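# Okay, sequence plus prediction incoming.
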Amino acid sequence: MAQVDFYVLDRVDEHSRNTLACKLAEKAWRLENTIHIHTMTRADAERLDELLWTFRDGSFVPHERVGAGTDAPISIGYGDESVEPRDLLITLCDEIPPFAESFPRVAELVSSDEECRNKSRLRYASYRDRGHELQTHKI
């Protein structure tokens with residue numbers, strides 16, 4: 001069973017949630033992990049792709065979009081795109097991606113928006129019912 005960490009932000013905006021995804025990915029990469037960041041739409045994936053280059057001055061986070069054909073340690077995908085398992089899955093989706101079970105660690109990022117929190121509660125219950133180890137971090 002995977003370890004699932006819920007990171008609950010005290011901010012409502014999506015930019016803060018995406019920035020946290022970049023910071024977590026950078027930290028995991030520096031610890032020599034492979035990471036997949038999964039978003040809901042192609043536009044979300046494109047925004048995150050751009051943000052990984054600009055979220056912090058001087059940052060370099062090697063990444064690629066799924067299907068780019070390289071072997072970057074961080075991949076970004078969306079929707080129903082499936083990916084090979086990596087060390088960490090960072091999800092920015094309303095529902096649990098169908099391939100999440102194949103990752104040893106999952107990071108669920110939750111903004112303080114009421115709708116986002118309500119959807120995260122459903123995901124939390126689903127992970128719990130499947131027997132995953134859960135932790136919550138307030139940021």
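Okay, I see it.
# so who does the spatially most central residue of the chain touch?
By CA atoms, centre = their mean, the chain has its centre lying nearest to Ile90, at 1.8 Å. Neighbouring residues of Ile90 by CB atoms under 8 Å, 6 or more residues apart in numbering: Ala21, Leu24, Ala25, Ile35, His36, Ile37, His38, Val106, Ala107, Leu109. For the C-beta atoms, the positions are set from N, CA and C on the backbone; glycine is no exception.
# and it, which of the three is it?
Classification of Ile90 using DSSP: H, G, I helix; E, B strand; the rest coil returns strand.
# Quick check: bridge partners of it?
Note on Ile90: beta-bridge partners by DSSP bridges are Ile37, Ala107.
# quick one: it from Ile35, how far?
Computed as CB to CB, to the nearest Å, the Ile90 to Ile35 distance reads 6 Å.
# do the same with Pro97
14 Å.
# who touches both of those two?
Common contact partners of Pro97 and Ile35 (CB under 8 Å, 6+ apart): Leu89.
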